[in-house]
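Visitor: What follows is a predicted protein model with its sequence.
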Amino acid sequence: MTRPLLKVQGLHHQFPLARRFAVEDASLELHPGEVIALVGESGSGKSTLLNCIAGRLQPTRGQVIYTAASGEVLDVHRLTERERRRLERTEWGHVQQDASLGLRMNVSAGANIGERLMGQGQRHYGELRSTATEWMQRVELQPERIDDSPRAFSGGMRQRLQIARNLVTRPRLVLMDEPTSGLDVSVQARLLDLIRLLVARLHLSAIIVTHDLGVARLLAHRTLVMREGRIVEQGLTDRVLDDPQHAYTQLLVSSVVAP
Ligand SMILES: Nc1ncnc2c1ncn2[C@@H]1O[C@H](COP(=O)(O)OP(=O)(O)OP(=O)(O)O)[C@@H](O)[C@H]1O
C-alpha cells in the first residue's frame, strides 16, 4: 500500500457560539491517484471538513497530515500562513462552488491561468501565454477569449476557467466544493465529463464535496457519507450507492431513485 497523500485524524470543528460540532470526529485517508466524494445533505458538514483539510479553517481538535512532494510529512495546521499559501500555490488546487471566489475577476482569463504558473517561478511571457491558450482549449473555452475578463463569461465558462487555473500547475491534491452545482443541467453534464477526463488523464488525487450522488458515482473511487457532522458510512462508491448499509445512506439513495 502506498503512503497516504493526506490523512485526517479525529477532526472536530465547532463554530463560535454554535451548540454542536459542524464536524465531529472525522477521519479519512486519501492515497495518490484516488478520488473521494464527500456526500450528505445541506448542513451535514462537508464544506467545513473540506475547509479544515485545506487549512483555511482551524479545527477545534484533530489533525490533517499531508505528505509533500519533497517527502516531508506536514501537519497542515502547524504550518505558518506563508507555508500554507506556498502549498496552495504549488501543490494544491481548490475549486470553489462560486467561481468568482476562486478566480481573480479583475484580470484576464489568460492571466488567471498564467498567475499560478508564475507563482511556480515561470516568467517567460510567450510560454505563459501559450500554456494558457492550450489550457483554454483543454477546458473547451475559445482561445480567442484569452484577453477577456472572467466577468464576461457565463457561470459554466467561469467554472471551466477556474478548473484550468487550478490544474495548469498539475497539483498533487485537488479539493473541489460542489464544482457543478448552480449550473444548468446540460452545462453540468458537460462539465462533469470534462472533470472526469482531466482527473483520469492527470491522475489527480482529489476530494470532491457534493450533495449529488450522481457526481460521486461518476467521479469518485470512494464515497464518504456525512450526517450531522459525522462520517456515517464509507466505502467504494459502487458499494456505498448500490448496497448502502447505514439507514441514512439508504434514505439518501432511495430519495434519488424514487420518482
Ligand atoms: N461560518 C459559520 N458560522 C457558524 N456556523 C456555520 C458556519 N458555516 C457553517 N456553519 C454550520 O455548520 C454546519 C455545517 O455546515 P457546512 O456548510 O459544512 O455543511 P455542508 O454539508 O457543506 O452544507 P451545504 O451543502 O449546504 O454547503 C451547519 O450547521 C452550518 O449551519
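Guide: Arrived safely. Numbers count the residues shown, from 1 in each chain.
Visitor: So which bits of the stretch 151-259 of the chain are right by the ligand?
Guide: Residues of the stretch 151-259 of the chain lying close to the ligand by Cβ under 6 Å from any ligand atom are residue 211. In this view, the C-beta of every residue, glycine as well, is placed from N, C-alpha and C.
Visitor: Longest helix in the protein, by number of residues?
Guide: helix 185-201 (DSSP state H).
Visitor: Using CSV, write out the CA atom coordinates for that helix.
Guide: The C-alpha trace of helix 185-201 is given here as CSV (Å, rounded to 0.1, in the frame of the first residue of the first chain):
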residue,chain,number,x,y,z
VAL,A,185,-28.3,20.6,-16.1
SER,A,186,-26.8,20.3,-19.6
VAL,A,187,-23.9,22.6,-18.6
GLN,A,188,-23.4,20.4,-15.5
ALA,A,189,-23.2,17.2,-17.6
ARG,A,190,-20.5,18.6,-19.9
LEU,A,191,-18.5,20.0,-17.1
LEU,A,192,-18.6,16.7,-15.2
ASP,A,193,-17.4,14.9,-18.3
LEU,A,194,-14.5,17.3,-18.6
ILE,A,195,-13.6,16.9,-14.9
ARG,A,196,-13.8,13.1,-15.3
LEU,A,197,-11.4,13.3,-18.3
LEU,A,198,-8.9,15.6,-16.6
VAL,A,199,-9.0,13.6,-13.3
ALA,A,200,-8.1,10.4,-15.3
ARG,A,201,-5.6,12.0,-17.6
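Visitor: Low-confidence bits of the stretch 1-150 of the chain, can you list those?
Guide: Scanning the stretch 1-150 of the chain for pLDDT under 70 picks out the ranges 1.
Visitor: still on that earlier bit, tell me the buried residues in the longest helix of the chain?
Guide: Neighbour counts over helix 185-201 (16 or more other Cβ atoms under 10 Å) mark 187, 188, 191, 192, 194, 195, 198, 199 as buried.
Visitor: What separation is there between the third one and residue 107?
Guide: Computed with Cβ to Cβ, to the nearest Å, the distance linking residue 191 and residue 107 is 23 Å.
Visitor: ok, whichever residue of the stretch 101-250 of the chain sits closest to the ligand - contacts?
Guide: The nearest approach of the stretch 101-250 of the chain to the ligand comes at residue 211, 5.2 Å away (Cβ to the nearest ligand atom). Residues counted as contacts of residue 211 (Cβ atoms under 8 Å, 6 or more residues apart in numbering) are 39, 40, 41, 42, 46, 178, 181.
Visitor: Including secondary structure and neighbour count, could these go into JSON lines?
Guide: Shown next, in JSON lines, are those (DSSP: H, G, I helix; E, B strand; the rest coil; neighbours: other Cβ atoms under 10 Å):
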{"residue": "39", "secondary structure": "strand", "neighbour count": "28"}
{"residue": "40", "secondary structure": "coil", "neighbour count": "24"}
{"residue": "41", "secondary structure": "coil", "neighbour count": "15"}
{"residue": "42", "secondary structure": "coil", "neighbour count": "7"}
{"residue": "46", "secondary structure": "helix", "neighbour count": "26"}
{"residue": "178", "secondary structure": "coil", "neighbour count": "19"}
{"residue": "181", "secondary structure": "coil", "neighbour count": "13"}
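Visitor: of all those residues, which comes closest to residue 9?
Guide: Distance to residue 9 across the contacts of residue 211 (Cβ to Cβ) is lowest for residue 46, with 18.2 Å.
Visitor: ok, that closest one touching residue 52?
Guide: No - the pair residue 46 / residue 52 is not scored as a contact, 11.0 Å apart, by Cβ atoms under 8 Å.
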